[in-house]
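J.: Sequence plus the predicted model coming up.
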Amino acid sequence: MNTRKERAANRRRQQRITNTLVIVGGIVLIVVVAFLFTQGAPTQAVSLAQVGKAFGNFSLKDIQGQSVQMSDYAGKVVLVNAWATWCPPCKAEMPDLNAYYQAHQQDNFVILAINAGDPASAAADFVAQKGLTFPVLLDPNTALLNGLGINSYPTSILVGMDGMVKAIHVGMFTPQSLEEEITPYLTR
């Protein structure tokens, strides 16, 4: 038969085990929540885009699910184009953007077209339908675009080879405006 001392010792041991399990469970919960919170969220070191200021870095997934960072294009002229499939001017400018990109990609030029919140499948279908050849990235909750100060579509930010914002273009590009606004920054 257990004595009173043995029963008290067993209760204390059980209490320590219970306390340890509660603490470990709490730590595991915090780690899981932190992990889930960071998954799929764009990594951002950007702030409100301003002409003459550094653009910063970000990381988003492209339509194939690969991670793409702005820093991957250091030393290039980058046109960051914010668009959506539901935006008529966005859709209208895409053929001109693609033609300009194809004509100038050898001149250290790239377009990073950032889709504003469309499902990945809708963006991918649009890209395939239009035959777009430049990288298309996904900003599922528009957190990156909002952080840049973009709230109308299309909006494009021209980042020079030095990483500085050269121009912000709100509205649709035409072949003429692409030549006038971007070509002076390109190297041949």
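T.: Structure received.

J.: switch to C-alpha atoms for all contacts and neighbour counts from now on
T.: Fine.

J.: Look at the closest residue to residue 156 other than its chain neighbours and tell me its secondary structure.
T.: Spatially, and ignoring its direct neighbours in sequence, residue 156 is nearest to residue 81 (4.3 Å; Cα to Cα, 6 or more residues apart in numbering). Residue 81 carries the three-state label strand when classified by DSSP: H, G, I helix; E, B strand; the rest coil.

J.: how about residue 81, what does it touch?
T.: Applying Cα atoms under 8 Å, 6 or more residues apart in numbering to residue 81 gives the contacts 111-114, 154-157.

J.: Make JSON lines out of those and add neighbour count.
T.: Below are the contacts of residue 81 laid out as JSON lines (neighbours: other Cα atoms under 10 Å):
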{"residue": "111", "neighbour count": "22"}
{"residue": "112", "neighbour count": "20"}
{"residue": "113", "neighbour count": "22"}
{"residue": "114", "neighbour count": "25"}
{"residue": "154", "neighbour count": "23"}
{"residue": "155", "neighbour count": "20"}
{"residue": "156", "neighbour count": "24"}
{"residue": "157", "neighbour count": "24"}
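
J.: picking that back up, residue 135 versus the residue nearest to residue 156, what's the distance?
T.: Shown here: residue 81 relative to residue 135, a distance of 10 Å by Cα to Cα, to the nearest Å.

J.: need the helix or strand of the chain with the lowest average pLDDT.
T.: Lowest mean confidence among the helices and strands of the chain (mean pLDDT, DSSP states H and E): strand 43-44, at a mean of 50.

J.: Skip ahead from that one and say which helix or strand is next.
T.: Helices and strands here follow DSSP states H and E; after strand 43-44, the next one along the chain is strand 58-62.

J.: What separation do you get for the residue positioned nearest the centre of the chain and residue 142?
T.: The central residue of the chain, meaning the one whose C-alpha is nearest the mean C-alpha position (Cα atoms, centre = their mean), is residue 60 at 3.3 Å. Distance check for residue 60 against residue 142: by Cα to Cα, it reads 11 Å.

J.: still on that earlier bit, mutual contacts of residue 81 and residue 135, please.
T.: Overlap between the neighbourhoods of residue 81 and residue 135 consists of 111-113, taking contacts as Cα under 8 Å, 6+ apart.

J.: what would these look like in a markdown table with secondary structure, distance to residue 179 and pLDDT?
T.: Compiled in a markdown table, these are given as follows (DSSP: H, G, I helix; E, B strand; the rest coil; distance: Cα to Cα, whole Å; pLDDT from 0 to 100):
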| residue | secondary structure | distance to residue 179 | pLDDT |
| --- | --- | --- | --- |
| 111 | strand | 14 | 98 |
| 112 | strand | 18 | 98 |
| 113 | strand | 18 | 98 |
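
J.: which intervals of this structure have sub-threshold pLDDT?
T.: 1-2, 25-26, 29, 31-45, 188 (pLDDT under 70).

J.: where exactly do the helices run in it?
T.: Along the chain, the segments classed as helices by DSSP state H run 4-38, 88-104, 120-130, 143-148, 175-182.
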